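Asker: predicted model and sequence follow; I will ask about them next.
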Amino acid sequence: MDDQSRESSSADPTRDVLVRMRAAMPSLQPAEHRVAEVVLRDPAAAAQLSITDLAESASTSVATVARFSHSVGFGGYPQLRLALAGAAARESALGGPRRQPPADLDEAATTEDIVATIVHHEVRALQETAEHLDLAALDAAIQAVAGAGRVDVFGVGASGMVAEDLRYKLHRIGRIAFAWNEFHAAMTAAVLLGEHDVAIGISHSGSTTDVVETLAAAKEAGATTIALTNFATSPIVDHADIVLTTAARETSFRSGALASRTAQLALVDFLFVGVARTALDDATEALARTHQAVSGRRQPQRTRKGRNSKETRS
């Protein structure tokens, strides 16, 4: 997406209404949160509902639906309803599955449904993350990591695997990097960081206590802090100098978990390649040396079955 398209998208809430709703979820009141859940479950169906019908579907009041419309950037429910219709049309044009992903495992789903749903949501997570990514923030993160004495990455669960992926990539180009997924070890590392170091906290929800507290400790110690999250209003953002956001569609079943991790891994790749480009010759040489170190290793000889293998074991 070019700069003009990005400016148009940010100025027009109808274009990214679903992304805005997902990003706003942590800051919504409980009744507004229920409205968002109804809408995100099936935007096409929600666009056909009157404000009264939507309020009933969310077990709330008409006033709450009106307030929700304002919370996600619209002048009122009629504007939100039109935006939802447009979003549903775009989803259909992009080949989205006819059935919306269930909140939990749907026993009636066919294997074809499962494949189509997961592929669609992974692809859309990548597309929407790229479309709404703050490039100025990414550039700032690249420069911070490139100039860091060391980089410590914090994450637990699925985000812990993403943290380890970033550590491995940075290590491959000769950067001093560590990944921590256990709270005590992470906190120990965090408080020892200084002004020339960078701490990166990875949390899809942005509210994972272990990661939030660790990033806060790193910031207090003087490190430059970077948050990688799906929600720009989540608690982790309060402790981050730089915020990088994904736009994944999380559900409680695997399609959401996969999409969130896919979007996080994409951001990690954006960051890694950007850092590598700041010292391209050194990075290229380091990658070549590390590749040669592992690819040149002698492979063990395979033994034949039968008598020879017995002789080998004896």
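Answerer: Okay, I see it.
Asker: return the list of helices and strands in contact with the helix or strand in which residue 283 is found.
Answerer: Remark: residue 283 resides in helix 280-295, with elements defined by DSSP states H and E. Counting by 3 or more C-beta pairs under 8 Å, 6 or more residues apart in numbering; DSSP states H and E, the packing neighbours recorded for helix 280-295 are helix 158-172, helix 254-278. All C-beta spots, glycine's among them, are computed from the backbone N, C-alpha and C.
Asker: how about it: buried residues?
Answerer: 283, 286 (16 or more other C-beta atoms under 10 Å).
Asker: who's in contact with it?
Answerer: Residues from elsewhere that reach helix 280-295 (C-beta atoms under 8 Å, 6 or more residues apart in numbering): 172-174, 275-277.
Asker: got it, and stretch 53-65?
Answerer: With C-beta under 8 Å, 6+ apart as the test, stretch 53-65 has contacts from 29, 31-32, 34-35, 37-39, 46, 49, 51-52, 77.
Asker: ok, residue 19 to residue 223 distance?
Answerer: 30 Å (C-beta to C-beta, to the nearest Å).
Asker: next, residue 226: secondary structure please.
Answerer: Per DSSP: H, G, I helix; E, B strand; the rest coil, the local secondary structure of residue 226 is strand.
Asker: likewise for residue 59?
Answerer: Look at residue 59: counting by three-state DSSP, its state is coil.
Asker: count of residues packed around it?
Answerer: 11 (other C-beta atoms under 10 Å).
Asker: residue 267 too?
Answerer: By other C-beta under 10 Å, neighbour count at residue 267 equals 21.
Asker: wait, residue 217 sits on residue 192?
Answerer: No. At 9.8 Å, residue 217 does not count as touching residue 192 under the criterion of C-beta atoms under 8 Å.
Asker: who's more crowded, those two?
Answerer: With neighbours defined as other C-beta under 10 Å, residue 217 and residue 192 compare such that residue 217 has more, 22 against 14.
Asker: helix, strand or coil for the more buried one?
Answerer: Assignment for residue 217 (three-state DSSP): helix.
Asker: any idea how far it lies from residue 87?
Answerer: Counting by C-beta to C-beta, the gap from residue 217 to residue 87 is 40 Å.
Asker: rewinding a little: using JSON lines, lay out the contacts of stretch 53-65 together with pLDDT, secondary structure and neighbour count.
Answerer: Listed next are the contacts of stretch 53-65 as JSON lines, based on pLDDT from 0 to 100; DSSP: H, G, I helix; E, B strand; the rest coil; neighbours: other C-beta atoms under 10 Å:
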{"residue": "29", "pLDDT": "89", "secondary structure": "coil", "neighbour count": "13"}
{"residue": "31", "pLDDT": "93", "secondary structure": "helix", "neighbour count": "17"}
{"residue": "32", "pLDDT": "93", "secondary structure": "helix", "neighbour count": "22"}
{"residue": "34", "pLDDT": "93", "secondary structure": "helix", "neighbour count": "18"}
{"residue": "35", "pLDDT": "93", "secondary structure": "helix", "neighbour count": "27"}
{"residue": "37", "pLDDT": "89", "secondary structure": "helix", "neighbour count": "15"}
{"residue": "38", "pLDDT": "91", "secondary structure": "helix", "neighbour count": "20"}
{"residue": "39", "pLDDT": "90", "secondary structure": "helix", "neighbour count": "26"}
{"residue": "46", "pLDDT": "91", "secondary structure": "helix", "neighbour count": "22"}
{"residue": "49", "pLDDT": "92", "secondary structure": "coil", "neighbour count": "19"}
{"residue": "51", "pLDDT": "94", "secondary structure": "helix", "neighbour count": "18"}
{"residue": "52", "pLDDT": "94", "secondary structure": "helix", "neighbour count": "11"}
{"residue": "77", "pLDDT": "92", "secondary structure": "helix", "neighbour count": "19"}
